[in-house]
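> Give me a model of this one.
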Amino acid sequence: MQTETWVGLIGFGGAVVGAGGALLGGWLQQRHQARIAKAERREERRYTAGQAALDMLIHFRQATANRIDEEESENAWTEVFVEWSVTFDAALYVVPDADEMRDRVFGIMGFIGYHEALGQTHSEANLWIDALCKEAIAVLSAFLREEPLPEPSQFFLDQREMVRAHLRAQRDPS
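Next up is the predicted model:
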């Protein structure tokens with residue numbers, strides 16, 4: 001082959017390799033940008049869903065603080081509680097990457113109904129529910145700030161043990 005042919009083939013080969021490299025580089029860049037965009041959307045969804053759950057928890061705490069010791073008020077609060085518990089569960093389930101936080105918050109808020117079993121007065125029940133809400137708010141807030149979840153408070157641990165002792169006594173009254 002003549003020199004001009006070799007030069008042409010080498011130039012053509014270089015163009016093919018260069019174009020292939022450019023296409024590969026473009027594909028890799030697009031893939032990287034898609035991953036970053038997906039992570040940003042997930043983080044935004046995580047924060048938005050967590051904030052919605054936090055707002056619901058704060059609203060429930062306010063509704064509890066405003067309830068008064070009347071049958072009509074108690075029925076209205078019970079309706080708020082049922083509506084809140086159903087929507088709050090759903091709000092927490094859509095928060096991505098939140099298994100530990102979800103378990104902790106559900107574990108805390110699962111004790112709300114025990115004030116009646118313990119025979120607490122209306123004001124004691126309000127304090128009980130308020131304390132549980134504050135405990136859950138602390139966990140959810142730490143999650144949203146991307147900090148380690150706080151350890152359970154001593155008050156919560158004491159109250160949880162009181163409920164467990166009560167339930168054990170009901171199962172085995174001897």
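> After the helix-or-strand element of the chain with minimal mean pLDDT, which helix or strand is next?
Every helix and strand of the chain was ranked by mean pLDDT, DSSP states H and E. The lowest is helix 114-117, at a mean of 70. Following helix 114-117 in sequence order, the next helix or strand is helix 122-144 (DSSP states H and E).
> Pull out the buried residues from that next one.
Of the residues in helix 122-144, 125-126, 128-129, 131-133, 135-140, 143-144 count as buried by neighbour count, 16 or more other CB atoms under 10 Å. Any C-beta I mention is one placed from the backbone N, CA and C, and that applies to glycine too.
> Check this structure for its longest helix and report it.
helix 3-66 (DSSP state H).
> Do me a favour and average the pLDDT over that helix.
Helix 3-66 shows a mean pLDDT of 80.
> which residues touch the nearest residue to residue 51 once chain neighbours are set aside?
In space, and not counting its chain neighbours, residue 51 is closest to residue 144: 6.6 Å by CB to CB, 6 or more residues apart in numbering. The contact partners of residue 144, by CB atoms under 8 Å, 6 or more residues apart in numbering, come to 47, 50, 51, 54.
> per-residue pLDDT, residue 144?
Looking at residue 144, its pLDDT reads 89.
> Residue 93 is in contact with residue 106, correct?
No - the pair residue 106 and residue 93 fails to qualify as a contact (CB atoms under 8 Å) at a distance of 9.9 Å.
> Highest neighbour count among the contacts of residue 144?
residue 50 (21 neighbours; other CB atoms under 10 Å).
> Surely that one touches residue 142?
No - under the criterion of CB under 8 Å, residue 50 makes no contact with residue 142, lying 10.6 Å away.
> picking that back up, ok, of the buried residues of helix 122-144, which one's closest to residue 89?
residue 136 (12.6 Å; CB to CB).
> Wait, that closest one touches residue 102, no?
No - the criterion here is CB under 8 Å, and residue 136 misses it with residue 102 at 10.9 Å.
> If you count contacts, what does the longest helix of the chain end up packed against?
On a contact count with 3 or more CB pairs under 8 Å, 6 or more residues apart in numbering; DSSP states H and E, helix 3-66 meets helix 71-93, helix 122-144.
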